[in-house]
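Chemist: The sequence and its predicted three-dimensional model are supplied below.
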Amino acid sequence: MLPNTPRSFASRALPRIHSLAKTTRSTTALIQLPRAGATAAASRSSIAFHHTSCVSSRAFATTAGMPSTLPFPEIVQPTALDASFTSLDPSAHKPLFDKILIANRGEIACRVIRTARKLGVKTVAVYSDVDADALHVKLADEAYCIGPAPSSESYLRIDKIIDVCKRSRAQAVHPGYGFLSENAEFAERLAQEGIVFIGPPASAIVSMGSKSESKNIMSAAGVPVVPGYHGTNQDPAFLQQEAERIGYPVLIKAVHGGGGKGMRIVSSAADFADALASAQREARSAFGNADVLVERFVTRPRHVEVQVFADARGGCVSLWERDCSVQRRNQKIIEEAPAPGLGEDVRAELSRRAVDAARAVGYVGAGTVEFILDNETGGFYFMEMNTRLQVEHPVTEMITGLDLVEWQLEVAAGNPLPLAQSAIPLVGHAFEARIYAENPRNNFLPDSGRLLYLSTPTPTHIFAPSFGAAEALPATSASSTEQEFTPVVNTSAVLTPVVRLEQGFEQGAQIGVFYDPMIAKLVVHGRDRTEALRMLRRALEEYKVVGVATNVEFLRALAGNEAFERAEVETGFIPKHFDELFPPVPEPSHEALAQAALFVVLRDHPAPPSLSSPWGTLASRRFGGDVYDRTVTLRATDADAEPSTVHVKSLPGSPGLFDVTVATVGGERTFRGVQAHLDTPPTLVATLDGALRRTTVVAQPPPASPSALVTDERLHVFDGARKTTLVRPAPAWVRALSDGAAAHGSAGGGTLRAPMPSVVVEVRVAVGERVERGQPVVVLESMKTETVLRAPVGGVVRGVGCVKGEMVQEGRVLVDVRGEDEPEGGQGDLEEGVSGR
């Protein structure tokens, strides 16, 4: 049931925005271009003044006293008016909405709120039970609970969202991405209620929602499509005939849905029938529709997409392209703009075709036309159109200096596009890295838990710095198409590197199992690709998380990969360079072990000890007044890793000075005269071999639950670009109790435990039922990822420890299968399937 009153957060505000120093960015040589029909003197000064007054009237607070993890620190902003609207005639401008509802959560909800605040537009948040304390709820002017955690009972409930619109008197709805953002029924229902959908018309969503229909429309509009069959005849013999006409290899792809499901690559006619049947089964199971299309498989493709924007008056422009080729599980992980290595002629043709695609379906608003670019031939083909704002939209903002959410609000209010095609700049290079709660070394399996510690690089900007409207190109011998879609690249501007952080979680937040595992997006901009990539590597070094597994270290390896630096990108980049991206995990260094031990000693003995009862000094041995030593045992996270010992001894008469001896299986090393102290926790300042180090060491205690079998403390050492996680074993008597409990509750070789916190989607067996080895027994879901647990042995089900719909924690025993001749111990096989955006 919905609450009767909203939760109001009108008193909460973003930090104060300051003017940017004149030396930060120069807009020299970027001249404002008046829109056709407007006078050269026309400006948006009155509108800009209105926005400024709205922002200042909210009395934004400074960051004094705020925690360092707040995602909006005191930020500098350019003094120039937003280039998006320098060419609009204020007399023709329609007013924006007074209040909008954001039908989403996480970082995209926070992103929309920031722009709305800048424009003086009030915001309404919706949230599920588990998101009651989420950041987007805190930042919105009003917030309403719309149901339990499962998105099917909250964020996907059209009726509840419309009800909140009526109660809050929101005039428009911004859908973000995911959830209802590409739901034609939602757009239609809003229109029926007189509420504006900040997105395309329902007809465009329907046309682009079917891969086969969209490709037929694009083909008719002259947009290149991958050669193939996109019709309705699903007869297996006919489809195989078409595959032979197209030529192998071919790709079988489900007509509806995405995320890599219902897709099979077929290299020969002999494999076609089995691959088709498998793809159809998977498509029917995932999307309720078994229809497929067959098209040529591009062996070394790049994923290049064009950001388009259209208004209701017939205007449509390209905001240039992005490269999103590097993916895992058919999902993007890092994006950049512009696409590296693209010639001006290819960029112009891609932009023209993307605009043609948008016009072919009567598009309005922000959209992305995705293409496959053949690395072998240089040709490109239409893949699909996403009828919403993309996750990766910030990289486009960074190279154009525009605010795409602001453009969305303007177009939805009935205003024309703020800039003509020839006035849209392209400046520098930008990257976006998606920070996910996942384990890259375990096939990127998602993780969940509490963000025990979160430290991020300090953003330099909230929004993309404005470059001003670009100067129109003079007439050249180039074709009209190439000239129209050739951006002005401003080489004279002095650019300072920029870091943006788009996140929806603070330290202490819970990353749950019900939604996408993305924590944040790290966005950088530089004058060229080399500088931007250097900025990305530096920013990733400063991004530190404890509490959940993340892909931060993998992203650092990717950003430092030589092939990636050379822009040799393709969708198969990760498997192609797997060994380089996933080198063997090194043994903990002597320096990391020494710093971890010093942290433990200084934490437990913050000052040189004074005379005290011997009962309070059992953690170390004392010799004389202020001399003490201690041996700390540490090991790597691998349970089979050999432990290392670190002997820390204080030097007499020298507080904060130590001799540290590290003994590992590889040898012994002593650091003498180490000066060390704990700065603001958790920073350890220590001098090792004459080098001063400031190292972050975060202690992660064992679970507080008395039934927990994990009793060891973990120490996370962030030393420069490297993170080392060490285990500090519990005392022997504690381990003995834990081992006894584990032995008492253990099962045999057929024991299936939850590999991660999950929701039980299906239990396929019952007690007493006979199962075969490899038979599916339990289906779990965590963060849009479905995992099938299979019986590790053939035998009889002796116990079932879960029920459908139940939330289970990692390590929970779900099913116990016993066979007469099977040895005890082990865990079932995993089969993974992914549904993502």
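Modeler: Noted; the coordinates are in hand. Because the structure is predicted, anything quoted here is derived from the model rather than measured.
Chemist: Quick one: mean pLDDT for stretch 264-281?
Modeler: For stretch 264-281, the mean per-residue pLDDT is 91.
Chemist: Then stretch 537-557?
Modeler: Stretch 537-557 comes out at a mean pLDDT of 96.
Chemist: ok, now stretch 247-255?
Modeler: The average pLDDT within stretch 247-255 is 91.
Chemist: quick one: buried residues of it?
Modeler: Residues of stretch 247-255 classed as buried: 250-255 (neighbour count, 16 or more other CB atoms under 10 Å). Where you see a C-beta, it was placed from the backbone N, CA and C, and this is true even at glycine.
Chemist: what's in contact with it?
Modeler: 210-212, 228, 243, 261-269, 272, 275-276, 279, 282-283, 286-287, 289-297, 299 (CB atoms under 8 Å, 6 or more residues apart in numbering).
Chemist: Ends of it, what's the gap?
Modeler: 20 Å (CA to CA, to the nearest Å).
Chemist: buried set for the lengthiest strand in the chain?
Modeler: Longest strand of the chain, by residue count under DSSP state E: strand 667-678. Across strand 667-678, burial judged by 16+ other CB under 10 Å covers 669, 671, 674, 676, 678.
Chemist: likewise stretch 159-170?
Modeler: Burial within stretch 159-170, assessed by neighbour count using 16+ other CB under 10 Å, is assigned to 160-162, 164-165, 167-168, 170.
Chemist: Just after the helix or strand containing residue 798, pick out the following helix or strand.
Modeler: Under the criterion of DSSP states H and E, residue 798 resides in strand 795-800. Going down the chain from strand 795-800, the next helix or strand is strand 807-808, by DSSP H and E.
Chemist: Tell me how far that following strand lies from the chain's centre.
Modeler: Here strand 807-808 is found 24 Å from its chain centre; the criterion is CA atoms, centre = their mean, to the nearest Å.
Chemist: Give me the contact list for that strand.
Modeler: Under CB under 8 Å, 6+ apart, the answer for strand 807-808 is 513, 754, 757-760, 780, 802, 814.
Chemist: One more pass at 7 Å, please.
Modeler: With CB atoms under 7 Å, 6 or more residues apart in numbering as the contact definition, strand 807-808 has outside contacts at 754, 758-760, 802, 814.
Chemist: Tell me where the model's unsure across the stretch 551-700 of the chain.
Modeler: 607-626 (pLDDT under 70).
Chemist: how about the strands of it, start to end?
Modeler: 621-622, 628-636, 644-650, 657-664, 667-678, 683-688, 691-700 (DSSP state E, counting those that start in this stretch).
Chemist: Run a quick neighbour tally on residue 421.
Modeler: Neighbour count of residue 421, defined by other CB atoms under 10 Å: 19.
Chemist: what do you get for residue 377?
Modeler: For residue 377, using other CB under 10 Å, the count is 9.
Chemist: From residue 359, how far out is it?
Modeler: Residue 377 sits at a distance of 27 Å from residue 359 (criterion: CB to CB, to the nearest Å).
Chemist: now residue 714
Modeler: For residue 714, the distance to residue 359 - CB to CB - is 56 Å.
Chemist: and if you look at residue 106?
Modeler: The value you get for residue 106 to residue 359, if CB to CB is used, is 32 Å.
Chemist: Between those two, tell me which one has more neighbours.
Modeler: Neighbours were counted for residue 106 and for residue 359 using other CB under 10 Å; residue 106 has more, 22 against 14.
Chemist: I figured the more buried one hits residue 504, correct?
Modeler: Yes: contact criterion CB atoms under 7 Å: residue 106 and residue 504 qualify, at 3.6 Å.
Chemist: Pull up the overlap in contacts between these two.
Modeler: residue 136.
Chemist: quick one on the thing from earlier: out of the buried residues of stretch 159-170, who's nearest residue 557?
Modeler: Closest approach between these and residue 557, by CB to CB: residue 161, at 40.7 Å.
Chemist: which parts of the strand or helix carrying residue 531 are buried?
Modeler: Per DSSP H and E: residue 531 is located in helix 529-541. Under the neighbour-count criterion of 16+ other CB under 10 Å, helix 529-541 has 529, 531-533, 535-541 buried.
Chemist: Then stretch 442-458?
Modeler: So for stretch 442-458, counting by 16+ other CB under 10 Å, buried means 444-449, 451-457.
Chemist: same check, this time on stretch 314-329
Modeler: Neighbour counts over stretch 314-329 (16+ other CB under 10 Å) mark 315-329 as buried.
Chemist: And residue 115, how close does it get to residue 686?
Modeler: The gap separating residue 115 from residue 686 is 44 Å, by CB to CB.
Chemist: what about those two, which has more around it?
Modeler: Higher neighbour count among residue 115 and residue 686: residue 686, with 24 against 20, using other CB under 10 Å.
Chemist: What residues does the more buried one make contact with?
Modeler: Per CB under 7 Å, 6+ apart, neighbours of residue 686: 595, 598, 674-676, 693.
Chemist: how close does the residue nearest to residue 529 when sequence neighbours are not counted get to residue 377?
Modeler: With sequence-adjacent residues excluded and distances taken as CB to CB, 6 or more residues apart in numbering, residue 529 is closest to residue 429, at 4.4 Å. Here the criterion is CB to CB. By it, residue 429 lies 25 Å from residue 377.
Chemist: and if you look at residue 391?
Modeler: Relative to residue 377, residue 391 is positioned 29 Å away (CB to CB).
Chemist: Identify the residues contacting residue 791.
Modeler: Residue 791 neighbours (CB under 7 Å, 6+ apart): 750, 771-775, 777, 817, 828.
Chemist: Closest to residue 648 out of these?
Modeler: residue 828 (43.5 Å).
Chemist: Would you mind giving me the confidence score for that closest one?
Modeler: Taking residue 828 on its own, its pLDDT is 42.
Chemist: got it, and residue 705?
Modeler: If you check residue 705, the pLDDT there is 48.
Chemist: go on, residue 286?
Modeler: At residue 286, pLDDT is 63.
Chemist: mean confidence for stretch 802-821?
Modeler: For stretch 802-821, mean pLDDT rounds to 82.
Chemist: surely residue 532 meets residue 427?
Modeler: No: with contact defined as CB under 7 Å, residue 532 and residue 427 do not form a contacting pair (11.6 Å).
Chemist: Might you specify the subset of the contacts of stretch 247-255 located within strands?
Modeler: Mapping the contacts of stretch 247-255 onto strands (DSSP E) picks out 228, 263-266, 292-296.
Chemist: Run through the bridge partners of residue 716.
Modeler: Beta-bridge partners recorded for residue 716 (DSSP bridges): residue 698, residue 725.
Chemist: Now do the same for it: its pLDDT.
Modeler: With respect to pLDDT, residue 716 has a value of 97.
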